[in-house]
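Visitor: Below: sequence and its predicted model.
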Amino acid sequence: MEFVNVIVDISHEKLDRIFQYHVPEALKNRLQIGMKVNIPFGKGNRQMKGYVVGFSDEADYPLDKIKELSGIVEGSVKAESQLIAMAGWIRDTYGSTMNQALKTVLPVKQQVVQKQSRKLMLQIPREEAETLLEEYVRKNYRAKARLMAALLDWDKEGLDYKKASEGLKVAPSVIKRFQEEGIIQIKSETIYRNPFAGHFKKKEEKIFLNDEQKAAVEGIWSDYSQGIRRTYLLYGVTGSGKTEVYMELISRVIADGKQAVVLIPEIALTFQTVTRFYERFGERVSVMHSRLSDGERFDQFMRAKEGGIDVMIGPRSALFTPFSQIGVIIMDEEHEGSYKSENVPRYHAREAAVFRAQMCGASVVLGSATPSMESYYRAQSGIYGLYRLNKRIGGARLPKVSVVDLRVELKEGNRSIFSRRLMSAMEERLQKRQQIMLFLNRRGLSGFVSCRSCGKAIQCPHCDVTLSLHNDGRLKCHYCGYETGLPPVCPACGSKYISGFRAGTQQIEREVKRIFPGAGVLRMDYDTTRTKESYERILTAFGRGEADVLVGTQMIVKGHDFPNVTLVGVLAADISLYAADYRASERTFQLLAQAAGRAGRGREAGEAIIQTYMPEHYSIRTASKQDYEEFYRQELMYRNLMEYPPVFSMLGIYLSSKDEELLKRQAQRMGDGIRKRNVKRLTVVGPADAALCRKNDVYRKVIYLKHAREDVLLNIKNGLEKEMEKEAALWQKLYIQFDYNPLNAY
Ligand code: ADP
Ligand code: ZN
Ligand code: ZN
């Protein structure tokens with residue numbers, strides 16, 4: 001090890017590169033990845049700090065340009081090293097600059113003003129203070145008298161500075177004089193903001209786990225006690241008690257002196273969920289979410305770093321909590337798409353969690369009622385351990401699900417957005433004063449063409465995904481670039497009704513109010529939840545029974561338990577089936593199964609009605625039977641046949657540029673270059689126009705690579721990165737992003 005690669009203070013955008021330093025003999029055996037080091041920097045050899053990100057035996061620069069490392073910053077924090085190693089892994093796996101990766105894993109490093117509490121502590125005996133007070137009163141020194149009286153009142157706990165200066169209107173100069181005369185001392189301490197402090201009480205009541213829950217806990221714990229660390233999939237229907245399993249594992253890990261990270265999709269991070277964790281673990285819990293200010297965020301991380309908490313709950317960024325010894329990482333609703341970052345680096349929190357767990361010797365528990373294809377595939381292959389919870393707690397039954405064929409409704413003259421069946425079920429529930437949720441599946445709504453008479457959407461003959469309608473009126477496949485004109489009538493059945501279900505949530509709300517004038521309706525969608533608390537407010541209001549019907553997009557199917565909801569209506573189940581990517585069926589199954597799971601969480605039996613133009617599609621058939629295994633079997637055949645993940649690995653290469661010609665040329669060159677490598681059994685698809693092929697006058701193209709082995713794709717990626725670095729001039733006006741196993745169409 002002759003040279004060390006160092007990243008310099010990440011807050012400077014300009015330093016987004018790696019600097020190389022010579023390693024002094026004395027440090028050769030001590031340096032480790034992630035260590036904080038002192039380095040001479042710039043012309044004046046100013047001493048700066050940096051992080052070690054790698055080593056090499058060869059110099060990447062002329063030898064006389066390479067300076068010598070000054071030293072190691074002692075007490076380099078272990079947690080930080082782990083995070084930096086993670087940044088390195090993220091960069092290698094998902095493709096990004098080191099700086100982008102570091103910004104992802106390290107907490108906001110900007111100067112955040114921390115809340116300081118300043119207390120005035122009386123330094124003289126009480127009798128002396130009382131004498132002084134009398135003197136001030138006699139001499140009519142009012143401010144001094146007020147201050148002294150308050151100091152005597154707050155003798156023990158100290159008088160808050162703000163209270164003295166603002167509350168008692170004592171000028172800072174007076175406080176200063178007291179300080180100078182030795183009457184008081186000012187004690188300051190940093191208060192870390194805890195967004196939920198004081199909201200909850202720890203509950204001592206104990207829940208007894210049922211047999212299925214026990215089997216999961218004891219199985220995982222038995223591995224843990226023997227030093228075995230693995231990833232487990234906890235596959236349990238909604239309401240089967242997964243959260244209790246997580247909490248039991250966490251409390252054991254805490255008793256073992258370690259910490260826990262609980263990942264929850266932002267959308268499911270509700271008051272209800274958080275409450276349960278606070279009630280179990282008290283103030284040793286903290287929460288991260290996107291609405292925290294940078295300061296609050298930073299504080300949460302500081303509390304974790306300094307051992308002030310044991311459990312961090314939050315969306316994917318909570319994974320980067322600087323705990324020193326994580327014992328378990330939980331990922332609830334592991335199938336959720338929001339676990340994958342849609343910004344560079346496009347990492348998947350599931351993979352990143354497993355990596356971090358390996359580094360710190362933690363177990364990983366993935367939980368879901370509808371596991372992702374990836375996780376179930378791995379559980380089936382024995383890579384993940386698998387535990388099942390098949391029963392709902394308290395014997396609540398899974399809801400009865402029925403499917404309504406909208407084509408038949410159309411044929412029989414019902415052109416309303418509600419089928420007759422759903423309408424009568426709604427009427428019945430309203431009479432019984434039970435609640436209803438109407439769910440509009442809007443995922444992938446943009447630009448597909450489907451037929452209202454036969455339900456077929458127009459598909460790419462090569463990729464088996466739905467074609468998407470572009471502004472120029474052409475239908476395109478954005479995996480392979482195939483395109484065709486828009487047919488005037490349905491190619492399958494000749495009907496002229498060829499543009500699916502177009503209603504939005506607002507229209508549905510209006511319809512409900514028109515048909516059931518007495519019903520109270522709440523709507524929850526992107527428009528109504530833009531302000532900070534509105535999401536929580538709407539859910540709470542509905543939970544309190546302030547409305548009979550809740551209309552919403554996929555956000556209503558997550559997290560909350562509404563015992564009085566006995567009917568869930570899914571208005572157009574197939575919309576997400578038409579999304580122009582290979583995960584459309586998986587997402588549809590998940591959404592439908594989860595939506596149906598919302599009904600009947602209480603004592604009353606629940607019912608779900610799924611309206612669709614494609615009742616025969618396996619996603620809809622299996623979801624209506626809540627038959628995950630059957631869905632998985634069918635979907636896996638399709639993935640296998642079409643070489644999609646999880647059977648194959650896939651690498652998306654996204655190219656964009658303002659220069660349309662240049663983009664076209666370079667994308668073609670890149671595609672040809674990859675094909676010329678003659679990698680065995682590699683499938684190269686494209687280049688093709690992206691789903692959004694032009695955005696703000698930037699043109700976008702995609703190339704997809706498929707191969708059975710992940711490392712083959714990573715090799716190609718690394719090769720491409722090197723080539724682009726060499727031909728920097730050619731690629732300068734293009735922006736390239738890599739996306740490993742993409743979730744959404746670019
Ligand atoms: P999931 O996370 O699988 O949806 P939860 O953990 O939220 O399920 O459990 C559903 C409900 O059942 C919760 O109100 C929870 O407190 C309760 N519960 C879970 N396990 C038990 C148990 N063993 N005994 C009694 N109640 C339980
Ligand atoms: Zn048709
Ligand atoms: Zn295609």
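Guide: That came through fine. Ligands and ions are numbered 1, 2, ... in the order given.

Visitor: Tell me the secondary structure at residue 701.
Guide: Secondary structure of residue 701, reduced to three states by DSSP: H, G, I helix; E, B strand; the rest coil: strand.

Visitor: For it, give me its contacts.
Guide: 654-656, 663-664, 667, 686-690, 693 (C-beta atoms under 8 Å, 6 or more residues apart in numbering). Quick note: C-beta positions are derived from backbone N, CA and C, even for glycine.

Visitor: quick one: residue 22 and residue 2, what's the gap?
Guide: Noted for residue 22: a distance of 7 Å to residue 2, by C-beta to C-beta, to the nearest Å.

Visitor: Find the residues that touch each one of the two.
Guide: Common neighbours of residue 22 and residue 2 (C-beta under 8 Å, 6+ apart) do not exist.

Visitor: Touching whatever helix or strand residue 692 lives in from outside, list them.
Guide: For residue 692, the host element (DSSP states H and E) is strand 683-695. Residues outside strand 683-695 that contact it (C-beta under 8 Å, 6+ apart): 463, 468, 470, 476-481, 580, 643, 654-656, 667-668, 670-671, 674-675, 699-707, 745-746.

Visitor: tell me the least confident of the contacts of residue 701?
Guide: The pLDDT minimum for the contacts of residue 701 sits at residue 693, where the score is 73.

Visitor: if I look at that one, how far off is residue 468?
Guide: The gap separating residue 693 from residue 468 is 10 Å, by C-beta to C-beta.

Visitor: Same drill for those two, tell me which one is more crowded.
Guide: residue 468 (26 against 21; other C-beta atoms under 10 Å).

Visitor: if we can go back for a sec, out of the contacts of strand 683-695, which touch ligand 3?
Guide: Among those, the ones lying near ligand 3 by C-beta under 5 Å from the ion are 463, 477, 479-480.

Visitor: Turn the contacts of residue 701 into CSV, including distance to ligand 1.
Guide: Below are those laid out as CSV (distance: C-beta to the nearest ligand atom, whole Å):
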residue, distance to ligand 1
654, 36
655, 42
656, 41
663, 47
664, 50
667, 45
686, 41
687, 44
688, 41
689, 41
690, 37
693, 41
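
Visitor: Just the buried residues from the residues you listed, in ChimeraX please.
Guide: Buried residues within the contacts of residue 701, by 16 or more other C-beta atoms under 10 Å, are selected in ChimeraX with:
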select :654,655,656,663,664,667,686,687,688,689,690,693
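
Visitor: tell me which of the contacts of residue 701 is nearest to ligand 3?
Guide: residue 688 (7.6 Å; C-beta to the ion).

Visitor: and residue 79, what element?
Guide: With DSSP H and E as the test, residue 79 turns up in helix 78-94.

Visitor: tilt between the following helix or strand past that helix and helix 78-94?
Guide: Next in sequence after helix 78-94, counting helices and strands by DSSP H and E, comes helix 98-105. For helix 98-105 against helix 78-94, the angle by axes from the mean of the first three to the mean of the last three C-alpha atoms, to 10 degrees is 120 degrees.

Visitor: For the next helix or strand after helix 98-105, name the packing helices and strands.
Guide: Using DSSP H and E, the helix or strand that follows helix 98-105 in sequence is strand 115-122. Here strand 115-122 touches helix 142-153, strand 159-160, helix 161-162, strand 184-191, going by 3 or more C-beta pairs under 8 Å, 6 or more residues apart in numbering; DSSP states H and E.

Visitor: Output the below-cut-off pLDDT ranges for the stretch 601-746 of the chain.
Guide: 601-603, 696, 746 (pLDDT under 70).

Visitor: Helices of that one, start to end?
Guide: In the stretch 601-746 of the chain, the helices defined using DSSP state H, counting those that start in this stretch lie at 618-624, 628-642, 660-676, 710-726, 728-731.

Visitor: Now do the buried residues in the shortest one.
Guide: Using 16+ other C-beta under 10 Å as the test for burial, helix 728-731 gives residue 731.

Visitor: Which stretches in the stretch 151-300 of the chain count as strands?
Guide: With strands called from DSSP state E, counting those that start in this stretch, the stretch 151-300 of the chain shows them at 159-160, 184-191, 231-236, 259-263, 285-287.

Visitor: returning to that earlier point: can you confirm whether the strand holding residue 692 lies near ligand 3?
Guide: No - Strand 683-695 lies out of reach of ligand 3 by C-beta under 5 Å from the ion, never closer than 7.4 Å.

Visitor: how far is stretch 504-516 from where the chain is centred?
Guide: Relative to its parent chain, stretch 504-516 has a centroid offset of 32 Å by C-alpha atoms, centre = their mean, to the nearest Å.

Visitor: ok, back up a step: check the contacts of strand 683-695 for burial and list the buried ones.
Guide: Counted by 16+ other C-beta under 10 Å, the contacts of strand 683-695 give 463, 468, 470, 476-481, 580, 643, 654-656, 667, 670-671, 674, 699-707, 745-746 as buried.

Visitor: who's in contact with stretch 622-631?
Guide: Residues from elsewhere that reach stretch 622-631 (C-beta under 8 Å, 6+ apart): 235, 237, 370-371, 398, 401-403, 573, 588-589, 592-593, 596, 610, 618-619, 634.

Visitor: Just the ones in helices from those residues, please.
Guide: 588-589, 592-593, 596, 618-619, 634 (DSSP state H).

Visitor: Between all of those, which two are at the greatest distance?
Guide: 596 and 634 (18.4 Å; C-beta to C-beta).

Visitor: ok, those two, which is more surrounded?
Guide: Ranked by neighbour count (other C-beta under 10 Å), residue 596 and residue 634 place residue 596 first, with 26 against 17.

Visitor: Could you find the closest non-adjacent residue to the more buried one?
Guide: Once flanking residues are discounted, residue 596 sits nearest to residue 608: 3.8 Å by C-beta to C-beta, 6 or more residues apart in numbering.

Visitor: Could you give the number of residues near the one you found?
Guide: 29.

Visitor: who's in contact with it?
Guide: Residue 608 neighbours (C-beta under 8 Å, 6+ apart): 399-402, 567-570, 595-596, 598-599.

Visitor: So it versus residue 44, what's the distance?
Guide: Taking C-beta to C-beta, one finds residue 608 at 70 Å from residue 44.

Visitor: Please apply the same query to residue 23.
Guide: Using C-beta to C-beta, one gets 22 Å for the distance from residue 23 to residue 44.

Visitor: And these two? Which one has more around it.
Guide: Neighbour count, other C-beta under 10 Å: between residue 23 and residue 44, residue 23 has more, with 19 against 7.
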